[in-house]
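Peer 1: Sequence plus predicted model, see below.
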Amino acid sequence: MAAKAKPKSKKAGGVAKAGTKRSAKGSRDTILFIHRMWGGGHQWRGWESGRVLFEIAYWFINTSHASRVDPGRVTVPTHTIACARDRITPKPVIDRIAARYRPRGGSYRVYDDHAHFIIAEDSWEAVAEDCATWIETAVGAKAEG
């Protein structure tokens, strides 16, 4: 009787077939590969949590639904940010997320000259300043209300 051949999986940066022992590691490798390929002056900042990235990036096969949010249960101010050059989470996806929170007073800001890893891009300081201003306004409005 011939031994079964192990399923072949791609090296780092590839996606292992679902159901293989290497599936979770394959997912992590794929995410790290994408991170390295972003370009645009991004520098490698260190390892991300493979589990967290899996739960967010592969939400559609994550049976624990760890990243699911019921917008109706969110009772704090929200500020949604989209980046027009984001190829990982495209602006139309963020538009839909922002629309869920808008009826509850959520604010939304689009940065046309940024991509997915906005905190490591040129002009990140302006984005941080915008966020800090939003937090001060939101906290002040909550304190007054």
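Peer 2: Received it, and whenever you're ready, just let me know what you need. Numbers count the residues shown, from 1 in each chain.
Peer 1: which parts of the host helix or strand of residue 53 are buried?
Peer 2: In this assignment (DSSP states H and E), residue 53 forms part of helix 50-57. For helix 50-57, the neighbour count (16 or more other Cβ atoms under 10 Å) marks 53-55, 57 as buried. Bear in mind the C-beta positions are built from the backbone N, C-alpha and C, glycine included.
Peer 1: quick check, nearest of those residues to residue 108?
Peer 2: Nearest to residue 108 among the buried residues of helix 50-57 is residue 57, at 22.6 Å by Cβ to Cβ.
Peer 1: Quick check: the closest one vs residue 116, distance?
Peer 2: Applying Cβ to Cβ, to the nearest Å, the value for residue 57 to residue 116 is 12 Å.
Peer 1: quick one: contacts for the nearest residue to residue 123 once chain neighbours are set aside?
Peer 2: Using Cβ to Cβ, 6 or more residues apart in numbering and skipping the chain neighbours, the partner closest in space to residue 123 is residue 113 (7.0 Å). Taking Cβ atoms under 8 Å, 6 or more residues apart in numbering, we find residue 113 in contact with 84-85, 123.
Peer 1: just checking, which of those residues belong to helices?
Peer 2: Counting by DSSP state H, no part of those is found in helices.
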